[in-house]
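In: structural data only, the sequence is not supplied:
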């Protein structure tokens, strides 16, 4: 009647049932070991109750029916959430808002839904444009910018539903990718150019990014913007006359806007940029060209050339702006010929005289061009072949759009006034004055009477020395079309294949052929247009804005050297050929460079080493100026054979103030010409000396040489001793300086005596020398005989003979040049003779040597007197 046991049926259940009260049948179910919910959340098993039973050993128990026991394990929040990945990565494109960039996920090992589920995620990093929802989806809260930040790193944590936080936060890295923007990539904004570098590529690594767009062709334009450099680009800044000579233009051009000087002083009052020879006119200035500079009759053929930079004229009815005007000086106000700007039109006026024509003839020629008022530099050439007048602007021909006729001017005796920058109004006003002022800039204004200029010369005169270039044209890809503008400041390239366009643009280079280029910035602009396959909307390529930085060239130092003082007899100056002034002139140019080297022993000390290198470049003029009173054309002049200028880009002008050689040519060519310049003076009685100064220039005075001064002395026949006038720089044999020479013999020194006469003089001198030697031998023999009668032995006689012979064999000229040599050689020969003579006693040696030295001194003194006598006889 009692319950003795409870039995659990199942495989190794971690539970046991114990009987608490046999009578009442109460029992307890308990775990035999700790229960882990994470291992098993619930258990189900069968339990039966047993009575105490009967029979031996209690084997005959009675058992109850089976009861099912279901046990559910209650969870404890013992585990923290953990993320599945140690780090999360994602990439986004800038400028977009994403619903979800990526999803992070955490887990919890707890078994219950309450503690095993993740209820919340949170971004720990502050001030980031991101948010996360409860499912772990991260999104951006604002548009991201690649330029602002390339990458974001944020920390994220998780919470389970029991609000237990993750043990470790997780790193989330978000990379921001730039939007694929079509355009040129891998190019530098600044390109450096050093003088003498030749042709350098502008964009050696450039390539086009199309973002996989369906591109069918591309059209690219490269522009080199140089309109603020000099006269529109870097050109040679030589004078207009030198440039015309260099380009092969006809001679005879007259420069109406030269650099101010003593002979060309009419431009002294004008505003001027000396580096580029640019004259600026502000509407208040004009220059009068002196009479005689330009001939009155220009003939039916002549040329006017100029550089002009001009903007729009102020006001609706603008006045005429005179560039060049030839008008009446007094009484009347007639314009004979003029070149002016009026309402952005270029007008050339040419009125013939009645003695040249008596009919209605073309008089005004009008050209309407946008370039006249675009505030840029342009080169204008007006070729006049009356009645036809042709305008060249930047090398392109333009015919006048309007030609008006007029009657010829009545002849009069009124003088004419040629002006630049304004027109002279000599009549119809109370006081003659300038009128019709020019507003703008002018340069290189020339007029050439009697000839017109060819297209080739015009192109050369306005050519730029810098521009765009293509390295190895033959290696351009197939299907690439290209075109340069005349000045090579713009290049157009067109092609179908993007890779070929990339390679072609990588070969585009900048070149500046000037040895001394204008330093500064040259702007570059690359613009591109793309066509796509049947697309209404095609990609657009942004322009490239870059610049070339041209560095300053090392400044050369031009040095002139040579003989700076000489004297010649008057007869040479009076001869037909005169005297060469600069027979050994030398022109050298050097440049100084600084080299930095670090001394290894003293790391803080930087040594600057100056290196001077010789360089070769051209010159554009050398002037030989007369110092003091100008040359008197009645009795003196400077001369140069014109044949010396042939084959060179040189010309020369002569005046009483000196001789000017000009033209762009090498220093060697200038040396050759200067060495042939002669000075003649057929009135030498009034002149004793002349002084000259030589000065050379490169780039129209931008670099100038030292002032080399030369003094020339004219020796007249009345001079008793003209050796006092000889230039101390000329090397003369020393023995001549102490001798009084007749004038004729010194002229032989200067190679002014006929060679046959010189030969006769040499023969006579040798004959006299032989005679003197013979007399000396006879005298010495008699002296030896006299010495043998004395108390001295044979040794004394032999020593006397040696001393005498020594005096004879010394060249008197060498003796003069080296006055101490005779005694030394005498002593050496005495010692040799003593070594050979073994018959004398040693006790007598000292006495004999003393006597020999005394005797030697006497004989040498006699030799000096004989030498002086011989030189007088010479």
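Out: Perfect, I can see it now. Since the model is a prediction, treat every value here as computed from it, not as a measurement.
In: can we go C-alpha only for contacts and neighbour counts from here?
Out: Fine.
In: domains in the chain, by residue range?
Out: Split into domains by the TED database, the chain comes to 3-72, 82-177, 183-229+464-550, 240-462, 556-596+611-715.
In: so who does the spatially most central residue of the chain touch?
Out: Closest residue to the average C-alpha location of the chain: residue 195 at 2.5 Å, with C-alpha atoms, centre = their mean. By C-alpha atoms under 8 Å, 6 or more residues apart in numbering, the contact list for residue 195 reads 512, 514, 515, 516, 517, 550, 551, 552, 553.
In: check what pLDDT the second one gets.
Out: Translated: residue 514. What the model reports for residue 514 is a pLDDT of 88.
In: just the fifth one next, same as before
Out: Confidence per residue is given as pLDDT, and for residue 517 that number is 90.
In: number of residues surrounding it?
Out: 21 (other C-alpha atoms under 10 Å).
In: I'd say it and residue 230 touch.
Out: No - Residue 517 lies out of contact with residue 230 (C-alpha atoms under 8 Å); the separation is 10.6 Å.
In: distance check, residue 772 against residue 762.
Out: Going from residue 772 to residue 762 by C-alpha to C-alpha, to the nearest Å gives 15 Å.
In: quick one, which of these two is more surrounded?
Out: With neighbours defined as other C-alpha under 10 Å, residue 772 and residue 762 compare such that residue 772 has more, 15 against 12.
In: please identify which helix or strand holds that one.
Out: Using DSSP states H and E, residue 772 maps to helix 755-788.
In: same check on residue 296?
Out: Using DSSP H and E, residue 296 falls outside every helix and strand.
In: measure it to residue 631 for me?
Out: For residue 296, the distance to residue 631 - C-alpha to C-alpha - is 29 Å.
In: with neighbour numbers in mind, choose between those two.
Out: Under the neighbour definition other C-alpha under 10 Å, residue 296 and residue 631 were set side by side, and residue 631 has more, 18 against 14.
In: quick check: the more buried one touching residue 657?
Out: Yes - contact criterion C-alpha under 8 Å: residue 631 and residue 657 qualify, at 6.5 Å.
In: what sits against residue 648?
Out: In this structure, residue 648 makes contact with 665, 669, judged by C-alpha under 8 Å, 6+ apart.
In: picking that back up, tell me the one of the contacts of residue 195 nearest residue 284?
Out: residue 517 (32.8 Å; C-alpha to C-alpha).
In: which ones are touching the closest one?
Out: Listed by C-alpha under 8 Å, 6+ apart, the contact set of residue 517 reads 195, 234, 550, 552, 553.
In: the helices in the chain, which residues?
Out: Here the chain has its helices, by DSSP state H, at 113-116, 240-246, 455-461, 498-506, 570-574, 667-674, 743-749, 755-788, 794-809, 812-817, 821-836, 845-873.
In: mind telling me which of these the model trusts least?
Out: helix 743-749 (a mean of 34).
In: quick check: which ranges of the protein have low pLDDT?
Out: For the chain, the stretches with pLDDT under 70 are 54-59, 274-276, 314-317, 353-358, 410, 473-477, 535-537, 594-609, 718-758, 783-874.
In: number of residues surrounding the nearest residue in space to residue 681 that is not next to it in sequence?
Out: Excluding the flanking residues, the one nearest residue 681 by C-alpha to C-alpha, 6 or more residues apart in numbering is residue 636, at 4.2 Å. The burial count assigned to residue 636 is 20, neighbours taken as other C-alpha under 10 Å.
In: same question, residue 164
Out: Residues contacting residue 164 under the criterion other C-alpha under 10 Å number 18.
In: same question, the one 10 residues further on
Out: As a burial measure, residue 174 scores 18 neighbours (other C-alpha under 10 Å).
In: in contact with it, which residues?
Out: 89, 90, 91, 92, 151, 152, 153.
In: can you tell me which of those has the most neighbours?
Out: residue 92 (19 neighbours).
In: need the contact list for that one.
Out: 101, 174, 175, 176, 177.
In: most neighbours out of those residues, which is it?
Out: That'd be residue 176 among these, by other C-alpha under 10 Å, with 21 neighbours.
In: touching, that one and residue 93? I think so.
Out: Yes - counting by C-alpha under 8 Å, residue 176 touches residue 93, with 5.7 Å between them.
In: so what sits against both of those two?
Out: With C-alpha under 8 Å, 6+ apart applied, the overlap between the contact sets of residue 176 and residue 93 consists of residue 144.
In: hang on, the earlier thing: redo the domains of the chain as CSV? Include distance to residue 782.
Out: Shown next, in CSV, are those (distance: least, C-alpha to C-alpha, whole Å):
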stretch, distance to residue 782
domain 3-72, 152
domain 82-177, 117
domain 183-229+464-550, 81
domain 240-462, 79
domain 556-596+611-715, 49
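In: for residue 781, find the nearest of the ones you listed.
Out: domain 556-596+611-715 (47.8 Å).
In: buried subset of the contacts of residue 517?
Out: Buried members of the contacts of residue 517, counted by 16 or more other C-alpha atoms under 10 Å: 195, 234, 550, 553.
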